[in-house]
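J.: sequence unknown, structure follows:
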């Protein structure tokens with residue numbers, strides 16, 4: 001994959017992120033003001049499906065192929081071009097079909113096809129991983145592929161319920177959270193950690209205990225799904241396993257931070273100060289996420305949190321925006337997958353501000369929901385946050401177009 005092709009695919013990533021942000025602006029505007037065009041639920045489905053497929057999955061596919069290319073340039077990588085293009089076609093198909101009709105024949109077709117294309121990517125990628133030598137990222141990448149396959153079962157369950165019009169509330173929610181969990185905490189998280197480790201391995205040849213950290217996260221990923229379903233009745237033995245899984249994740253994260261601290265000199269030498277600050281913010285966001293997950297093992301607290309929509313939205317955006325999207329943006333520019341220009345850092349900084357401002361308002365709104373207190377200008381503030389993120393991504397596109 002030559003530099004031109006690499007930049008072309010990643011420029012499409014940034015373009016797709018701007019579309020995700022635009023849909024966010026439309027939804028926020030419709031909540032606070034009159035906007036008769038488009039159904040809010042349909043836009044929400046288009047927003048989420050395009051964010052997952054057109055922004056995150058597309059970007060991860062490209063970065064994973066770049067990893068293969070760096071490890072062994074003799075691999076035949078042309079086959080991935082068709083897969084990435086097919087994934088993009090499905091992403092745009094879902095974008096328009098979900099926006100126009102919500103769950104329907106066309107949107108379900110593109111959704112199902114995107115899963116089959118991801119299976120094909122996973123099959124090729126798994127085979128090509130075997131052709132490279134020992135590398136600490138391989139375990140993380142293999143796990144990410146397996147967790148994607150696991151998450152797709154939730155999608156098939158949802159599609160079946162939509163087609164048959166049989167939507168039991170508990171089963172519907174369990175399927176939604178199943179899909180989200182193994183996407184967020186499985187495919188997305190393990191791919192991102194694997195990519196980060198691949199860069200650390202370039203200037204830290206010995207990364208001790210990475211495999212032990214991997215197993216802490218991998219084993220705990222399955223039982224921690226049930227943190228999302230504590231509102232359902234479960235046996236005591238399963239609850240105990242869920243609690244152990246939540247602690248295992250936190251222990252794995254602490255060990256990962258300790259590992260990085262032992263190589264702090266090399267990291268500071270290899271990574272510029274501004275990117276170090278961004279990664280520190282990212283680490284803070286991951287820490288908050290894991291602490292929230294640990295806190296949710298208390299059933300009464302979990303039921304309370306899942307009973308208030310602002311809390312759920314705040315958590316989902318914490319993972320999708322403040323962790324996964326934030327990581328992909330800084331990874332792409334920090335490790336020179338895309339060139340940085342004079343105002344690139346400024347645009348990314350504004351985007352990060354928009355993310356954390358959005359989380360702050362959602363947090364206040366969620367706390368207010370506990371006491372049924374209406375927060376003044378909350379919707380207007382969330383609209384401003386959405387506009388800040390959208391305009392900052394447009395600025396990134398404009399900077400690259402000028403150069």
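T.: Now that the structure is in, tell me what you want to look at. These numbers come from a predicted model, not from an experiment.

J.: From the contact counts, what lies against the longest helix along the chain?
T.: The residue-count maximum for a helix in the chain (DSSP state H) belongs to helix 3-32. Judged by 3 or more CB pairs under 8 Å, 6 or more residues apart in numbering; DSSP states H and E, helix 3-32 is in contact with helix 40-50, helix 58-71, helix 78-101, helix 326-334, helix 378-402. C-betas here are computed from N, CA, C, even on glycine.

J.: Could you check the angle it makes with helix 78-101?
T.: 20 degrees (axes from the mean of the first three to the mean of the last three CA atoms, to 10 degrees).

J.: What average pLDDT does helix 3-32 get?
T.: Averaged across helix 3-32, the pLDDT comes to 87.

J.: State the pLDDT value of residue 101.
T.: pLDDT, read off for residue 101, is 86.

J.: Just give the number of residues close to the residue nearest to it when sequence neighbours are not counted.
T.: Spatial nearest neighbour of residue 101, excluding adjacent residues (CB to CB, 6 or more residues apart in numbering): residue 107 at 6.4 Å. By the criterion of other CB atoms under 10 Å, residue 107 has 25 neighbours.

J.: who are the neighbours in contact with residue 107?
T.: Residues near residue 107 by CB atoms under 8 Å, 6 or more residues apart in numbering: 45, 49, 93, 94, 97, 98, 101.

J.: rerun at 6 Å
T.: 94, 97, 98 (CB atoms under 6 Å, 6 or more residues apart in numbering).

J.: And those, which is closest to residue 396?
T.: residue 94 (23.7 Å; CB to CB).

J.: now that closest one: how far from residue 249?
T.: The gap separating residue 94 from residue 249 is 31 Å, by CB to CB, to the nearest Å.

J.: So for the two, which sits in the more crowded spot?
T.: residue 94 (26 against 23).

J.: still on that earlier bit, any idea how far the residue nearest to residue 101 is from residue 19?
T.: 16 Å.

J.: got it, and residue 99?
T.: 11 Å.

J.: wait, residue 388 sits on residue 356?
T.: No - in this structure, residue 388 is not within contact of residue 356 by CB atoms under 6 Å, at 10.4 Å.

J.: So between those two, which is more surrounded?
T.: residue 388 (20 against 17).

J.: tell me the contacts of the more buried one?
T.: Residue 388 touches residue 354, counting by CB under 6 Å, 6+ apart.

J.: And it, how close does it get to residue 398?
T.: 15 Å.

J.: Next: residue 49.
T.: Taken as CB to CB, the span from residue 49 to residue 398 is 27 Å.

J.: okay, those two: which has more neighbours?
T.: For residue 49 versus residue 398, neighbours defined as other CB under 10 Å are more numerous around residue 49 (23 against 13).

J.: okay but that one is in contact with residue 93, surely?
T.: No - look at residue 49 against residue 93 with CB under 6 Å: they stay out of range, at 9.7 Å.

J.: and residue 35, which of the three is it?
T.: The three-state label given to residue 35 by DSSP: H, G, I helix; E, B strand; the rest coil is coil.

J.: Skipping adjacent residues, who's closest to it in space?
T.: Residue 35 sits nearest to residue 29 (CB to CB, 6+ apart), 5.6 Å away.

J.: residues near the one you found, how many?
T.: Neighbour number of residue 29 under other CB under 10 Å is 15.

J.: Could I get the contacting residues of residue 289?
T.: residue 318.

J.: can you count the residues close to the residue lying closest to residue 21 once chain neighbours are set aside?
T.: Nearest residue to residue 21 in three dimensions, chain neighbours excluded: residue 390, at 3.9 Å (CB to CB, 6+ apart). Neighbours of residue 390 under the rule other CB under 10 Å: 22.

J.: hang on, isn't residue 390 packed against residue 24?
T.: No - counting by CB under 6 Å, residue 390 sits too far from residue 24 to count as a contact (7.1 Å).

J.: average model confidence for stretch 115-126?
T.: Stretch 115-126 comes out at a mean pLDDT of 95.

J.: Tell me the buried residues in that stretch?
T.: 115, 117, 118, 120, 121, 122, 124, 125 (16 or more other CB atoms under 10 Å).

J.: Show me the residues you listed that map onto helices.
T.: 115, 117, 118, 120, 121, 122, 124, 125.

J.: What is the nearest of those residues to residue 200?
T.: Checking those one by one against residue 200 (CB to CB), the nearest turns out to be residue 125, at 20.7 Å.

J.: And that closest one, how far from residue 19?
T.: 26 Å.

J.: Around the nearest residue to residue 380 once chain neighbours are set aside, how many other residues sit close by?
T.: Of all residues not flanking residue 380 in the chain, residue 32 sits nearest, at 5.8 Å (CB to CB, 6+ apart). Counted by other CB under 10 Å, the residues lying close to residue 32 total 14.

J.: same thing with the one 4 residues further on?
T.: Close neighbours of residue 36, defined as other CB under 10 Å, add up to 5.

J.: From residue 30, how far out is it?
T.: 9 Å.

J.: can you pull the pLDDT of residue 315?
T.: With respect to pLDDT, residue 315 has a value of 85.

J.: That one: neighbouring residues, count only.
T.: When neighbours are counted by other CB under 10 Å, residue 315 comes out with 22.

J.: Could you do the one 3 residues further on as well?
T.: Using other CB under 10 Å, residue 318 has 23 other residues around it.

J.: hmm, back to that, quickly find the element holding the residue nearest to residue 101.
T.: helix 105-129 (DSSP states H and E).
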